[in-house]
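Student: this one's structure only:
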């Protein structure tokens, strides 16, 4: 059982979820506003791990491999921001990261993540709340499928970059829906162009191949 990184206490999370019909994936890209997104993901918790893999969900493994390629010490803690049900954490563990802490706005999804046994700690946060850790607490942060249309706003990218220490790495992804809005890649350019960060890798590839959706995976290093 995982612990909350703020209190050190073991999390007691409900393991009972409402039975929901399939098809949440199509609703995700229509969801607007933090409260609506949280409600959607709580309701999606029971079927998320079935629906995404059924569509060939490739981004977690791609992000984990990209981060592993630039992190030499995989015993150092890595933050799985927006960890959901734990698919991203399992990908990070498969890439040989040993200590993974998860954060998410959905308590129901965190309950699912707790059953994967890959997390040292799991923390539930409210939408738009400050990050519950000090700047520089993590040398590596993963935000896999977190920022974009129907999910977290681009402001989260700035929050995570500000939370990194100098030399810290952030791996994240933008799917095709998100890439259609130039504000997202403009945020990357802003950091890189002003010399505050360096883009170490960028790769466009499969996201949900069974519905012909791709994503770009980025690794950025804070200067």
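Tutor: Cool, the structure landed. Note that the structure is predicted; figures quoted are calculated from it, not measured.

Student: And the pLDDT for residue 102?
Tutor: Listed pLDDT for residue 102 reads 98.

Student: Then the one 3 residues further on?
Tutor: Model confidence at residue 105, expressed as pLDDT, equals 92.

Student: Residue 57 too?
Tutor: Here the pLDDT value assigned to residue 57 is 89.

Student: What is the neighbour count of it?
Tutor: For residue 57, the tally of surrounding residues (other C-beta atoms under 10 Å) stands at 22. C-beta here means a position set from N, CA and C on the backbone, and glycine is covered the same way.

Student: do you know how far the residue nearest to it when sequence neighbours are not counted is from residue 142?
Tutor: Excluding the flanking residues, the one nearest residue 57 by C-beta to C-beta, 6 or more residues apart in numbering is residue 208, at 6.0 Å. As for residue 208, its distance to residue 142 is 18 Å (criterion: C-beta to C-beta, to the nearest Å).

Student: Name the residue in the two with the higher neighbour count.
Tutor: residue 142 (33 against 22).

Student: tell me which residues form a beta bridge with that one?
Tutor: residue 80, residue 171 (DSSP bridges).

Student: Go ahead and confirm the residue nearest to residue 57 touches residue 56.
Tutor: Yes - using C-beta atoms under 8 Å, residue 208 is in contact with residue 56, at 6.0 Å.

Student: remind me which residues of this protein are low pLDDT?
Tutor: Within the chain, the stretches with pLDDT under 70 are 1-53, 55.

Student: Which residue of it lies farthest from its centroid?
Tutor: residue 194 (25.4 Å; C-alpha atoms, centre = their mean).

Student: how close does residue 134 sit to residue 122?
Tutor: Note on residue 134: its distance to residue 122, by C-beta to C-beta, is 18 Å.

Student: ok, now residue 89?
Tutor: 9 Å.

Student: residues shared between the contacts of those two?
Tutor: 83, 102, 113 (C-beta atoms under 8 Å, 6 or more residues apart in numbering).

Student: So what are the sheet partners of the strand ranked longest in the chain and their directions?
Tutor: Ranked by residue count under DSSP state E, the longest strand found in the chain is strand 197-208. With DSSP bridges as the test, strand 197-208 is paired with strand 213-222 (antiparallel).

Student: buried sites along stretch 159-167?
Tutor: Within stretch 159-167, the residues that count as buried by 16 or more other C-beta atoms under 10 Å are 160, 161, 163, 164.

Student: just the residues you listed now: which is nearest residue 215?
Tutor: Checking the buried residues of stretch 159-167 against residue 215 with C-beta to C-beta, the nearest one is residue 160 at 17.5 Å.

Student: That closest one should be in a helix, yeah?
Tutor: Yes - applying DSSP: H, G, I helix; E, B strand; the rest coil, one finds residue 160 inside a helix.

Student: pretty sure residue 213 contacts residue 204?
Tutor: No - look at residue 213 against residue 204 with C-beta under 8 Å: they stay out of range, at 11.6 Å.

Student: Go ahead and confirm residue 154 touches residue 185.
Tutor: No - the pair residue 154 / residue 185 is not scored as a contact, 9.8 Å apart, by C-beta under 8 Å.
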